[in-house]
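Student: sequence? don't have it. structure:
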């Protein structure tokens, strides 16, 4: 019995206020929400600077900051696999049962629709400001990024030296420039 349980998948690189907005909206539609941390195996690159574990930490603390009832969600790291056609089975193996999926990613939508699992595209809140790309760009350029993420996420990024990591990752190694 998967009742009224949904699956929301996001990379959360890093967790920002747009994610929290989508989670709050989705919790109005489902009794329980599985939040899948997508591409959990990726880290230390320009587009995926944070580890799966760091993103779980950010999300856990942010959901607590927003007083979201812990009995209503599960946070599960979801690794990519090389074969897209097997990915839905991989996700189903790693998660509690669910009856619908929430994703803005067209590939994710396609893969779940092919196995007759309904997919809803969440309404994205102020997408130009609230995107991981924008947060990472502002961190890189020493611009104001802290307003885009929950306070608890600012603290996690500070604790793991995330700003320094993003700035280092963006510097081309001397060997690459030769």
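Tutor: All right, it came through fine. This one's a predicted model, so the numbers in the text were calculated from it and none came from an experiment. Numbers count the residues shown, from 1 in each chain.
Student: past the longest helix seen in the chain, which element shows up next along the chain?
Tutor: The longest helix of the chain (DSSP state H) is helix 52-65. Next helix or strand after helix 52-65 toward the C-terminus (DSSP states H and E): strand 73-77.
Student: how about that next one: buried residues?
Tutor: For strand 73-77, burial by neighbour count (16 or more other Cβ atoms under 10 Å) applies to 73, 74, 75, 76, 77. C-beta: built from backbone N, CA, C; applies to glycine.
Student: Serialize those residues to TSV and add fields for pLDDT.
Tutor: What follows is those, written out as TSV (pLDDT from 0 to 100):
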residue	pLDDT
73	97
74	98
75	98
76	97
77	97
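Student: the longest helix of the chain packs against which elements?
Tutor: Contact here means 3 or more Cβ pairs under 8 Å, 6 or more residues apart in numbering; DSSP states H and E; on that basis helix 52-65 packs against helix 17-27, strand 32-37, strand 73-77, helix 151-159.
Student: I'd like the distance from the first one to the chain centre, please.
Tutor: Using Cα atoms, centre = their mean, to the nearest Å, the mean C-alpha position of helix 17-27 is found 11 Å from that of the whole chain.
Student: okay, the angle between it and strand 73-77?
Tutor: Calculated by axes from the mean of the first three to the mean of the last three Cα atoms, to 10 degrees, helix 17-27 forms an angle of 130 degrees with strand 73-77.
Student: quick one: mean pLDDT for helix 17-27?
Tutor: On average, the pLDDT along helix 17-27 is 95.
Student: buried stuff in that helix?
Tutor: Those would be 17, 18, 19, 20, 21, 22, 23, 26, 27, for helix 17-27 by 16+ other Cβ under 10 Å.
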